[in-house]
Structure formats: C-alpha cells, structure tokens
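# Below is the sequence, then the predicted model.
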Amino acid sequence: MAQPTRFSPRDRKVKILATIGPASREPEMIRRLLKAGVDAFRVNMSHGEHAGHAETIARIREAEKEFGRPVAILADLQGPKLRVGSFEGGKAFIRHGAHFTFDRDPAPGDDTRVCLPHPELFGVLHKGQRLLIDDGKLRLVVIRAEPDRVLCSAEVGGFIMDRKGVNIPDAVVPVPALTDKDRRDLDFALEHGADWIALSFVQRPEDVAEARKIIGARAALMAKIEKPAAISRLAEIIELADGIMVARGDLGVELNAFEVPPLQKRIVSMTRTSGKPVVVATQMLESMISSPAPTRAEVSDVANAVYDGADAVMLSAETAAGQWPVEAVTIMDRIAGEVERDSGYRRQVSYTDILPDRTTADALAHACASIAETVTVAGIVVFTGSGSTARRVARERPAVPMLVLAPALKTARRLVLLWGAHAVHTRDIGSFEEMIAKGKRMALRHGFGQAGSKLIALAGVPFGTPGSTNLLHVVTLSGDELERLGH
C-alpha cells in the first residue's frame, strides 16, 4: 500500500472552506482542490439527495487518507426557509406602489394576491414591517395585518414567481430552527461522520441549544449569523456555539448593504475574543463562477476578512457549481498569502485586544504568543485532547504556526478550521520525556524547524486529562537529535 503524501504546513494561517457540488465532487477534482489549498469542505444539505452526499463524503475521506492530513467536513443544514405560494402561469407582476395581499387561501395567486403558506407569520406581522421577496428584489411594507390576510404596499415591485423566498427582517419569526428536513439531514450528517454542523437562520440562543441537545458531542456546532434578530443576542449565541459563520447572503438581504461590513467586523471580533473559529462566507469571489479572474473589489473583500483575523474564508457556488473551481481556490490562497506576508499584517490582525482569562491555561497560551514575539521560534507544538488548548493559543494569533497533536481523529478534524493550526492525528503521550521527543519528531516530520530551531511545547499534566494545560517548555532542535531521529 502506498504511503500517504506528507505535506508541510500551509504557508498561510487563515483556512479555506470550499463548498462541494456538481462541479467539484469527482475524486480527481477533490484532490486538485486540496492541492490548490482547500482545508475543509462544506456539504450543502439544501441541495441533492442523501445517497449523493454519502458518496461525496466517502470520496473526501479517501482523499484525506491519500494526503495524510485531516480534512474537515461541514454539513450545512437548510433551515426554515419561508416561501410564497404559487401563481397562475407560474408568475405575476406587482407594480411599484400597488397594493398586494398575502393570505391563507391556497388558490393560485395573481397580480393582486398570493398564498403565504406559513400561518405562524400572520400573528407576528404588523403595520410598517417589511417583507422582502426573492432575495430582496421585491420590497413590500405592511399596511394592515389581519389574522388571515396581510395588505402591503410595494416599495419595489417587479415579477414574482412560484415559491420564491420571503425574508421578514423586522420580526423574530416563530419557526423552529430545525425543520423536519433538517432533522433528517442532521441524522444523516452525524451518521456519516460530519465534523461540523452549520445551523442556518439562527435567531436566538434557544435555537443553538435545541440543536446542541441533539448533536451532543458527536460534532461541533457552527451558528450561522444571517438574521438581524441574532445580532441583539450575539454574545449568548457565541457562548453556546462552537463556531460562528458570518453568512452575508441573507444578512445582506435583510439589512441595508452598507450595514453588513461593520457588522462583519463586530461578529469576527467578538467570536475571536471567545477563542472560537469564525468563518466569513458568501459571494467572496462570486464573479469566478463564470470568470477565470475575480474583480478587484472581490480581492479586497477576501483580503479584508484575512486582515480582520477570520479563521476561515468560504467559497460557495464558486467551487460547487462554477466553471473555475480550482482557479477560485488558487486565487483565494494567493490573496491570503499576500496579506499575511504584508509587513502591517501582524499589527492589523492584532487589533482586537484579547486579555487572557484568569486561568493557568489562558496565561500559558498568552505566554506562548509573547515568547514567539520575543524569541525566534519555528513554531508552537500543542498537545491537546479536546482542542481547548489549541483554541486558546489560536485566540492570541501568534506570529508563528501551530502544530496541533491530537490523539482523537475527530478532534484533529474539527481543529482544521482553526486559524494557524496544522492539525495532526497521533497517539497520545504518557510522560514529559515522551512529550519532548514526540514534539521534536513530529515538528521535523511536518516541516517545523531545523537544526538550531527553537520550539514552544504546550501541554497538560497529567497527560490525557482534558482541560489540564499547565506546562510550557521551550526546546531546541540539535544536529545530534536530527540525526538520531532520522533527519
């Protein structure tokens, strides 16, 4: 059996999450995307059937074995999507300024009315609230709300077609975070070993708690922030989730476009402070769905997310259905690399003032970053069982890469989305001497340092006890050791 290919750490610390779809699910394309720079794959449960997703996941795992490094899989649940009913002839036209009614009559709609097949909405809509149709292309304002009908005025009219989506930005919509379809998809994703579950249309902490109760410890939970209602309770949502995604698609529909950039920075900053990974997503290189080159504005958008210190940036249709999936990943990789080589990057990425919690583990993680700024070190070697030590170190955004050694494969895979972490699945250690020897050996194997290089080792004693980080050690790789270790 051929030995897996060993890759040195990525030249960048930010990670690339790519959506897999018809344009990228073939085994050879998966391998090409990994070579181009993909760290993790998103499986969009809104599209496709379980049989196809199972085949895709199996292909990713085969590529993971071939590459010899953990690859994270994120299953993205569809969430409660609100839609209008159907029309005679499949569409209608709403004139600017005209009145239009949403009701509970299932009969096909016309230019004056249509069914809104969500009875729970009629109790929360009030005068002055907005209804945005088809990703905001049509904008209506409520004039009068009754138990069975809602009369609106069209601020922005146009053609409206069957089953188009509805966004209601001015209300907390009383729908469950997990639909029946989501529950089926969640069971499937957990059964097939998804590492992360992305929860869509989160509005309140209770949504996250509901999903957490089902998921347990079987996967990490990422809350997608795409509803204005979630912003007012953002701190509580971050506390309950394992990670956060800034899902700018629906967020940009329900808010004014100019409100999204400062919100993105706020969400990234708050999540970073918590020590949990944060992903910036949606339309990052949108033009590359059909073009081999991005726009200058898109390049700046990706660069700004990297400067803000996001843990990962995500490609959606660019890799799922686009004509240039490998090129999109290559461009994103180059943008991130160029930003991280910028002399001002360290100052920019450290704009968030993060004070360590009053714990030994946080103090040592903070010390790792300080030592790396003071002494020339090749990297930080972190031994972790649960991943908490690695998250503490990554929160500090140290100047050097981090080699994370995890005895549990599921932990190594989840940490793939963590900023600056090169996660490796390896056997656990049992003593201080073994820690030092293994740390040096694994550092050499994965391209961290050479003769004379210093490494920072961080672990907890007794070994194998989660949350016991209490040991920091600086070691130097000598020529004799390299020879003894076979290098």
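Arrived safely.
# isn't Ala303 right next to Gly337, touching?
No - using CB atoms under 8 Å, Ala303 is not in contact with Gly337; the gap is 10.8 Å. Where C-beta positions appear, they are placed from N, C-alpha and C, glycine not excepted.
# Work out the gap between whichever helix or strand Leu151 is part of and the centre of the chain.
Following DSSP states H and E, the helix or strand that holds Leu151 is strand 149-156. Distance, stretch centre to chain centre, for strand 149-156: 36 Å (CA atoms, centre = their mean, to the nearest Å).
# Now the element after that strand, going C-ward?
That would be, after strand 149-156 and using DSSP H and E, strand 158-161.
# contact partners of that next one?
Applying CB atoms under 8 Å, 6 or more residues apart in numbering, the contact partners of strand 158-161 are Val84, Phe87, Gly90, Lys91, Ala92, Phe93, Ile94, Val114, Ile133, Asp134, Lys137, Leu138.
# So which of those residues are in strands?
Judged by DSSP state E, the subset of the contacts of strand 158-161 located in strands is Lys91, Ala92, Phe93, Ile94, Val114, Ile133, Leu138.
# other SSEs contacting the strand holding Leu151?
strand 99-103, strand 130-133, strand 138-145 (3 or more CB pairs under 8 Å, 6 or more residues apart in numbering; DSSP states H and E).
# now those strands in JSON lines, with mean neighbour count, mean pLDDT and distance to Lys15?
Formatted as JSON lines, those follow (neighbours: other CB atoms under 10 Å; pLDDT from 0 to 100; distance: least, CB to CB, whole Å):
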{"stretch": "strand 99-103", "mean neighbour count": "20", "mean pLDDT": "98", "distance to Lys15": "42"}
{"stretch": "strand 130-133", "mean neighbour count": "22", "mean pLDDT": "96", "distance to Lys15": "32"}
{"stretch": "strand 138-145", "mean neighbour count": "18", "mean pLDDT": "97", "distance to Lys15": "36"}
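# so which of those comes closest to Thr282?
With respect to Thr282, and counting by CB to CB, the nearest of the helices and strands packed on strand 149-156 is strand 130-133 at 16.3 Å.
# Please name the residues that touch Leu418.
Lys15, Pro277, Asp311, Gly387, Ala390, Arg391, Ala394, Val404.
# quick check, nearest of the residues you listed to Val124?
Pro277 (33.2 Å).
# What count of nearby residues applies to that closest one?
29 (other CB atoms under 10 Å).
# And the residue nearest to it when sequence neighbours are not counted, how close does it get to Asp357?
Closest residue in space to Pro277, ignoring its immediate chain neighbours: Asp311 at 3.9 Å, by CB to CB, 6 or more residues apart in numbering. Distance from Asp311 to Asp357, counting by CB to CB, to the nearest Å: 19 Å.
# Show me what the strand holding Leu151 is in contact with.
94-104, 116, 122, 125, 130-131, 137-145.
# re earlier: select only the buried ones of the contacts of strand 158-161 in ChimeraX?
Only the buried entries of the contacts of strand 158-161 go into this ChimeraX selection, using 16 or more other CB atoms under 10 Å:
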select :84,87,92,94,114,133,134,138
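# With respect to Ile30, which of the contacts of strand 158-161 is nearest?
Out of the contacts of strand 158-161, the member with the shortest distance to Ile30 (by CB to CB) is Asp134, at 33.0 Å.
# The closest residue to the closest one other than its chain neighbours: how many residues sit nearby?
For Asp134, ignoring the flanking residues on the chain, the nearest one in space by CB to CB, 6+ apart is Lys164 at 4.3 Å. For Lys164, the neighbour count with other CB under 10 Å is 18.
# Ok, Asp362 next?
By other CB under 10 Å, neighbour count at Asp362 equals 19.
# State the next helix or strand along the chain beyond the strand or helix carrying it.
In this assignment (DSSP H and E), Asp362 forms part of helix 360-374. As assigned by DSSP H and E, the chain's next helix or strand after helix 360-374 is strand 379-383.
# Using PDB, write out the CA atom coordinates for that following strand.
Taking Å, rounded to 0.1, in the frame of the first residue of the first chain, the C-alpha atoms of strand 379-383 are listed here in PDB:
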ATOM      1  CA  GLY A 379       6.500  27.100  15.900                       C
ATOM      2  CA  ILE A 380       4.300  26.100  18.800                       C
ATOM      3  CA  VAL A 381       3.700  22.400  19.400                       C
ATOM      4  CA  VAL A 382       0.300  21.900  21.200                       C
ATOM      5  CA  PHE A 383      -0.700  18.600  22.700                       C
END
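# Which elements pack onto that strand?
helix 388-395, strand 402-406, helix 432-445, strand 454-460.
# So which of these is the most surrounded?
Neighbour counts (mean count of other CB atoms under 10 Å) averaged over each of those peak at strand 402-406, with a mean of 28.
# which residues sit against that one?
9, 379-385, 387, 390, 393-394, 412, 415, 418, 420-426, 438-439, 442-443, 446, 448.
# in the helix or strand following that strand, what's buried?
Per DSSP H and E, the first helix or strand lying C-terminal to strand 402-406 is helix 409-414. Buried residues in helix 409-414, counted by 16+ other CB under 10 Å: Lys410, Thr411, Ala412, Arg413, Arg414.
# Toward the C-terminus, what is the element adjacent to the helix or strand hosting Glu236?
Applying DSSP H and E as the criterion places Glu236 in helix 234-240. Sequence-wise, the next helix or strand downstream of helix 234-240 (DSSP H and E) is strand 243-247.
# who does that following strand pair up with?
The pairing partners recorded for strand 243-247 under DSSP bridges are strand 220-225 (parallel), strand 278-281 (parallel).
# Now do the end-to-end distance for stretch 227-241.
16 Å (CA to CA, to the nearest Å).
# got the buried residues for it?
For stretch 227-241, by 16+ other CB under 10 Å, it's Lys227, Pro228, Ala229, Ala230, Arg233, Leu234, Ile237, Ile238, Leu240, Ala241.
# Those: which two are farthest apart?
Pro228 and Leu240 (18.8 Å).
# Going along the chain, name the helices of the stretch 201-350 of the chain.
205-215, 228-231, 234-240, 248-254, 260-274, 296-307, 317-320, 325-341, 345-349 (DSSP state H, counting those that start in this stretch).
# now the angle from the first one to strand 220-225?
It stands for helix 205-215. 160 degrees (axes from the mean of the first three to the mean of the last three CA atoms, to 10 degrees).
# next one: the longest one
Taking the same axes, to 10 degrees, helix 325-341 and strand 220-225 form an angle of 90 degrees between their directions.
# who does helix 325-341 touch, helix- and strand-wise?
strand 15-20, helix 27-36, helix 296-307, strand 312-315, helix 317-320.
# mind running it again at 10 Å?
If you count contacts as 3 or more CB pairs under 10 Å, 6 or more residues apart in numbering; DSSP states H and E, helix 325-341 packs onto strand 15-20, helix 27-36, helix 296-307, strand 312-315, helix 317-320, helix 345-349.
# List the buried residues of the longest one.
So the one you mean is helix 296-307. Glu298, Val299, Asp301, Val302, Ala303, Asn304, Ala305, Val306, Tyr307.
# Now that helix: average pLDDT?
When pLDDT is averaged along helix 296-307, the result is 97.
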